[in-house]
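Enquirer: Predicted model and sequence follow; I will ask about them next.
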Amino acid sequence: MTNPAQEGAAASEEARRRLVFPLDYASLEEARAGAGTVAPAIGVIKVGLELFVREGPSAVAMGRELGLDVFLDLKLHDIPETVGRAVRNAAALGVRYLTVHAHGGRAMLERAVEEALKAPSPLTILAVTVLTSLDGADLTSIGVVSPPGDQVLRVARLAWDAGVRGFVASATEAAALRRSLGPGALLVTPGIRPSGSAAGDQKRITTPAQAIADGADLLVVGRPIRDAADPLAAARAVAAEIEGALARTPRS
């Protein structure tokens, strides 16, 4: 029989597994120090364009060093053959999650999924729907007349039909995505800001608790942790908020 202390530890591990920390640092040394500081409270490190362009595979290797999953956030958007080869190369690095743009079209998405299924270790393709830095006016300026929420659902359905099962969208669209795609979708939400945090350059944001309640699986929290006086304490506070939300939210 599991005692209450064991149950609490399991719940904390589940909350930690859902917290993604982006390595938005200028150098590998800074990224390694930042990731090492918060590693006890997170489950995934996210390597984005800035760090990967500068440091390459060495940035991904930090995940293995710290025992964390790696989310390689390159938002691939190119012809199917090029994206397929890029996915193959990412798989060889051992990344757990890799982003592509849902707007790349069905053939590109199918090729990304095809290569991910051949990966030597589990690799989930995440389709980026609409960037959280964009609002309705931004979409209109590039010729998309639909509101952000409608466009998210449209391109997510396209990606789902192409075999993609992971999606990146703001938490304000998470509930609608969960209703549309069901429990089989993995939903990743950037733009997460604990209560009292500044929005920064994100236009569609929400709290960790609300994101979980709306059906999000992985929560990306960067600046509120990275820029805190005590980053580890800040990460633990976010994980605790996730844990509380999980306890209150029935999961199918």
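Expert: In hand now; what should we look at?

Enquirer: Just confirm R88 contacts E114, I think it does.
Expert: No - taking contacts as Cβ atoms under 8 Å, R88 lies outside contact range of E114: 9.8 Å. Every residue, glycine included, has its C-beta placed from N, CA and C.

Enquirer: any idea how far L232 lies from V238?
Expert: Remark: distance between L232 and V238 (Cβ to Cβ, to the nearest Å) = 11 Å.

Enquirer: So these two - more neighbours on which side?
Expert: When L232 and V238 are compared for neighbours, V238 comes out ahead with 29 against 16, by other Cβ atoms under 10 Å.

Enquirer: Helix or strand for that one, just tell me which one.
Expert: Using DSSP states H and E, V238 sits in helix 231-248.

Enquirer: which other helices and strands contact that helix?
Expert: Packing partners of helix 231-248 (3 or more Cβ pairs under 8 Å, 6 or more residues apart in numbering; DSSP states H and E): helix 4-17, strand 19-22, helix 28-38, helix 208-213, helix 223-226.

Enquirer: run the last query once more with 6 Å
Expert: Secondary-structure packing of helix 231-248 (3 or more Cβ pairs under 6 Å, 6 or more residues apart in numbering; DSSP states H and E): helix 4-17, helix 28-38, helix 208-213, helix 223-226.

Enquirer: packing partners for the shortest one?
Expert: Of the remaining helices and strands, those touching helix 223-226 by 3+ Cβ pairs under 6 Å, 6+ apart are helix 231-248.

Enquirer: just so I have it, where are all the helices in the stretch 51-200 of the chain?
Expert: 57-66, 80-93, 106-117, 136-141, 148-161, 174-181 (DSSP state H, counting those that start in this stretch).

Enquirer: need the least confident one among these, by mean pLDDT.
Expert: Between the helices of the stretch 51-200 of the chain, the one with the least mean pLDDT is helix 136-141; it has a mean of 90.

Enquirer: Return the set of buried residues in it.
Expert: For helix 136-141, a neighbour-count test (16 or more other Cβ atoms under 10 Å) marks 136, 139 as buried.
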